[in-house]
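Novice: Give me coordinates for this.
(chains A, B, C and D)
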Number of protein chains: 2
Amino acid sequence: MFTEIIAHISKFITLTTAEEELLTSYLSIKEVKKKEHLLREGEVCQENYFVIKGLIRMYLITPKGVEQVIQFGIENWWITEYNSYKSGQPSGFYLQAIENATVVAINRNVQEELFEKIPQLEKYFRQVLERAYSAQLTRIHYIFNLTGEEQYRLMLQKYPAFVQRVPQYMLASFLGITPEFLSMLRAKK
Amino acid sequence: MFTEIIAHISKFITLTTAEEELLTSYLSIKEVKKKEHLLREGEVCQENYFVIKGLIRMYLITPKGVEQVIQFGIENWWITEYNSYKSGQPSGFYLQAIENATVVAINRNVQEELFEKIPQLEKYFRQVLERAYSAQLTRIHYIFNLTGEEQYRLMLQKYPAFVQRVPQYMLASFLGITPEFLSMLRAKK
DNA sequence: ACTCTTTCTTAAACTACCTTAAGTTTTTTG
DNA sequence: CAAAAAACTTAAGGTAGTTTAAGAAAGAGT
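Specialist: Modelled structure (predicted):
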């Protein structure tokens, strides 16, 4: 049940069996069906999610009514709306399952208590965040310096299986291009 | 000398005087003149920098030879190339002072030891990274959903003093537009 | 197997922004 | 304070990507 998350944590820090048990007592498992939301705009984000199985997307709806995908959460990734999760302010983003998914949730109200009991977890999350932050900077670099086509080809080359899993119009949105334009790119090769 | 960084850390965690002294014994102060580099492409990033005074930019040079600004580091911000800093691999980015600057540096070789001696620092950096990560996601949202002009106006409105400090061509690069286009935007209002 | 919904495709007119190139202003430095 | 270097401006021609609109294909529920 919690084997995936324990395995992931163990790549960064070492927990005793007692700590593992304490940790899992703070966690809960959620099953989300395709298209169900874990968070909607205007709600306070109550949980941080670790994806065990399936695919989650973070998106928002622009003033013009268009969905903009900000990021995807796949297996072994943490995904949450930190602004809201940290501050208790309403979220501007949605979290939604693209596939039927299983996630582990940590509630914002117990997180601090958990960190007090297992201080090592601070180190784990620090390192996860270092990676995530760095990945976003690299992504910004690509957004600015690659054309839509180049980004798509790179995505296809680096994560071919992922590209297959995601509806094309969501991938287009994630890459910052229209679905029509992505369709055209695919057609021409 | 280290008052700014201690003040910043104290917003997130509480350190004893002994811990503060231990911490500062691990830190060093660097003065960098305008245009001097803290890191060049190809070098391993040895330090994480906290800006006390001045302005640092992270940028890269594209295959076409164009400078692309990825982010700025101003007073009370941490800036480093985490990919290289963590892995020891050569950096793909530059870190350079835009103004004469004073920074606090933590060396990558002593960071783990420092964290062992003052575990609370894990919590501090975790929270700093949560903010930084979240800020990058918000930025990606703006990049996709605002025109160059809208981003510039927003920047001007939210950080008027900052816009004055930064050369226009670097701001253009940060916003993902050409300096010529930014110049045109400014002219038309 | 049929119907409804969701996703993908095609194509023409359009636009935000780039490229190139030259000139002007400001800042830095000996 | 003069000369060089760095930063900013202006404008014409060009392009990557959007918008709009319609239709085709694939999925999902009954």
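Novice: wait, isn't residue A:42 in contact with residue A:91?
Specialist: Yes. Contact criterion CB atoms under 8 Å: residue A:42 and residue A:91 qualify, at 7.0 Å. Just so you know, the C-beta spots here come from the backbone N, C-alpha and C atoms, and that holds for glycine as well.
Novice: Between the two, which is the more surrounded one?
Specialist: Per other CB atoms under 10 Å in any protein chain shown, whichever of residue A:42 and residue A:91 has more neighbours is residue A:91, with 23 against 10.
Novice: Could you pull up phi and psi at that one?
Specialist: The phi and psi values for residue A:91, taken as degrees, to the nearest 10, are phi -80, psi 150.
Novice: just the one 10 residues further on next, same as before
Specialist: In terms of degrees, to the nearest 10, the main-chain angles of residue A:101 are phi -140, psi 150.
Novice: Next, the contact list for the closest residue in space to it that isn't next to it in sequence, please.
Specialist: Counting by CB to CB, 6 or more residues apart in numbering or on different chains, residue A:54 is the residue found nearest to residue A:101 once chain neighbours are left out, at 2.5 Å. Applying CB atoms under 8 Å, 6 or more residues apart in numbering or on different chains, we find residue A:54 in contact with A:32, A:75, A:97-103.
Novice: Can you say which of the residues you listed are buried?
Specialist: A:32, A:97-98, A:101-103 (16 or more other CB atoms under 10 Å in any protein chain shown).
Novice: State whether residue A:106 is indeed within a helix.
Specialist: No. Using DSSP: H, G, I helix; E, B strand; the rest coil, the assignment for residue A:106 is strand, not a helix.
Novice: Could you verify my assumption that it touches residue A:27?
Specialist: Yes. Residue A:106 is within contact range of residue A:27, at 6.2 Å (criterion: CB under 8 Å).
Novice: More neighbours: which of these two?
Specialist: More neighbours surround residue A:106 than the other of residue A:106 and residue A:27, with 23 against 17 (other CB under 10 Å).
Novice: Please identify the nearest residue in space to the more buried one, excluding sequence neighbours.
Specialist: Spatial nearest neighbour of residue A:106, excluding adjacent residues (CB to CB, 6+ apart): residue A:48 at 4.8 Å.
Novice: Can you tell me the SS state at that neighbour?
Specialist: Applying three-state DSSP: residue A:48 is strand.
Novice: So it versus residue B:136, what's the distance?
Specialist: Distance, residue A:48 to residue B:136, by CB to CB, to the nearest Å: 17 Å.
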